[in-house]
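>>> Got a predicted structure plus its sequence, pasted below:
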Amino acid sequence: MRKLLKRVGIFIAAVAAIIIFLYFQNNALTVSSFQLSSAKLPQGLKDFTIVQLSDVHGKRFGDKQQRLVRKVENQQPNIIVVTGDLIDSRRGGEAESLELMAEIVKLAPVYYVTGNHEYAYARYPVLEKKLLELGVHVLRNEAESIPVGSSNLTGSGAGSGAETGAVTRAGEIRLLGIDDPKFSSFAGHDAEAAEQNIQTAIEDFANIAGKESAGAATKAEAGKQAEEGLYTILLSHRPELFDVYVREGIDLTFSGHAHGGQVRLPFIGGLVAPGQGLLPVYDAGQYVNGHTNMLVSRGLGNSVVPQRLFNRPDIVVVKLSAAS
C-alpha cells in the first residue's frame, strides 16, 4: 500500500510539475533587446526606444493586461508598434485586445498594422473603428513622420531619445505600415502585394511631406526632397518577405507571424512557422542584408497550436542611435 501511495504521489507531483512548466512557457514574459545605429538618424540621437508587440491573439496577461503593460512601461518607450494578429480569427479576443491597447496608448504613441487574422476576422471593421477611437495610429498602406531630436535640446527630454548633454539635430523617421498581403488584390502573390503596399505607403509619405513643405515646385518634389536620406521603418506582419524589404531599401522592418517557430529546438531554432513550413529561416530575432535590418518578434499569444515550448511570450525592444 505504501509503495502504491508513493507511486501515486510521484505521479501527481510529476503531472503538477509539467502543468506548471507548460503554464510558465505560455505566460512568463521575456524581453528581447537590440541596439541599432545609423548615419541617417539625427546627429546626437541616442537610445530612441521602440517597443514591439506582435501576435497577441487576444491573450490576457493579468487584470487589465497589467503584467504586460508594466513590462512595456519599464522599457520607457518613445513609440510602441504592434505588428498584426491582435485578435484571433477563431476565438476572437477583441475585448482583451482593446483592453491592452487602451492601456498602452497611455504610455506612448501606438502604431498598428494588420495581420492575416484581421483579414479573416468578420468584425475587423468594428475593431479598427474602436482602435482609432482609442487614439491608435492604424496604418493601412500609409505613412507617418516621427519627429526625433530637437535643435535646441540639451537634455534627455521626454520622447526625444537625445543623449544627455548633447545638442541633437532635429529630424524625423519615416514610418511605413502595410496591410497583410491577404487584404490585397494580389492575394496568393504575397511578394507582389507587399511591394505594391510599400509603394503606396511611400507615396502617402510624399504627400504628407509635400503638404508640409513650402517652396517646392510640386508636392511630389517636396516629398522626394523630404524623404531623401531619411531613416525608414516598416511595420509588416510577414517576415518571410524579407527579400522584398531589402529590395525596397527599408532600413528597419518589424515583423511577427512566425510565433518563434512555436517550439524552439536547441542549436536549431523554431520548428514550424506559417508561410515558411518546417525549420523556418525567419523565426525570431535579427536578420541583416546590406543596410536592411529585420526584427522578428516571437509573439505573445497562440493560435492553432495552443502551447509554446522553450519559446516564451516576447516583447521586442530596440534602441536607435545616430552613428558616431
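Cool, the structure landed. Residues are numbered from 1 along each chain as shown.
>>> ok, how many other residues are close to residue 251?
Number of residues near residue 251 (other CB atoms under 10 Å) recorded here: 20. From N, CA and C alone the C-beta is placed, and that goes for glycine too.
>>> Report the contact partners of it.
The neighbours of residue 251, taking CB atoms under 8 Å, 6 or more residues apart in numbering as the test, are 38, 40, 231, 232, 233, 291, 292, 293.
>>> how about those residues in a markdown table, adding pLDDT and neighbour count?
What follows is the contacts of residue 251, written out as a markdown table (pLDDT from 0 to 100; neighbours: other CB atoms under 10 Å):
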| residue | pLDDT | neighbour count |
| --- | --- | --- |
| 38 | 97 | 16 |
| 40 | 96 | 16 |
| 231 | 97 | 24 |
| 232 | 98 | 23 |
| 233 | 98 | 24 |
| 291 | 95 | 13 |
| 292 | 98 | 20 |
| 293 | 98 | 20 |
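>>> out of these, which one sits closest to residue 174?
Distance to residue 174 across the contacts of residue 251 (CB to CB) is lowest for residue 232, with 4.6 Å.
>>> Just grab the bridge partners of that closest one for me.
residue 174 (DSSP bridges).
>>> what's the spacing between it and residue 52?
From residue 232 across to residue 52, the span is 16 Å (CB to CB, to the nearest Å).
>>> can you list the weak-confidence ranges in the stretch 201-324 of the chain?
Along the stretch 201-324 of the chain, the parts satisfying pLDDT under 70 run over 210-228.
>>> quick one, helices of it?
Along the stretch 201-324 of the chain, counting by DSSP state H, counting those that start in this stretch, helices occupy 219-227, 242-247.
>>> Could you look up the SS state of residue 60?
Recorded secondary structure, residue 60: coil (DSSP: H, G, I helix; E, B strand; the rest coil).
>>> Could you double-check that it lies in contact with residue 96?
Yes - with contact defined as CB atoms under 8 Å, residue 60 counts as touching residue 96 (4.9 Å).
>>> Looking at the two, which is more packed in?
For residue 60 versus residue 96, the count of surrounding residues by other CB under 10 Å is larger for residue 96: 22 against 18.
>>> Helix, strand, or coil at that one?
Assignment for residue 96 (three-state DSSP): helix.
>>> What pLDDT does the model give it?
pLDDT for residue 96: 98.
>>> Check the one 10 residues further on too.
Model confidence at residue 106, expressed as pLDDT, equals 98.
>>> so it sits in a strand?
No - Residue 106: not assigned to a strand; according to three-state DSSP it is coil.
>>> Count the residues that sit near it.
11.
>>> before we move on, what about residue 126?
A count of nearby residues for residue 126, using other CB under 10 Å, gives 11.
>>> Just the C-alphas of the strand or helix carrying it, formatted as CSV.
Assessed by DSSP states H and E, residue 126 sits inside helix 124-134. What follows is helix 124-134, C-alpha atoms only, in CSV (Å, rounded to 0.1, in the frame of the first residue of the first chain):
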residue,chain,number,x,y,z
TYR,A,124,-12.4,43.7,-38.1
PRO,A,125,-14.0,46.9,-39.4
VAL,A,126,-15.6,47.3,-35.9
LEU,A,127,-12.3,46.6,-34.2
GLU,A,128,-10.5,49.2,-36.4
LYS,A,129,-13.0,51.8,-35.6
LYS,A,130,-12.6,51.2,-31.9
LEU,A,131,-8.8,51.3,-32.2
LEU,A,132,-9.0,54.7,-33.9
GLU,A,133,-11.3,55.9,-31.1
LEU,A,134,-8.6,54.9,-28.6
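>>> related to what we said a few turns ago, out of the contacts of residue 251, which one sits closest to residue 64?
residue 233 (29.0 Å).
>>> got the contact list for the closest one?
Residue 233 touches 50, 81, 146, 173, 174, 175, 176, 250, 251, 252, 253, 254, counting by CB under 8 Å, 6+ apart.
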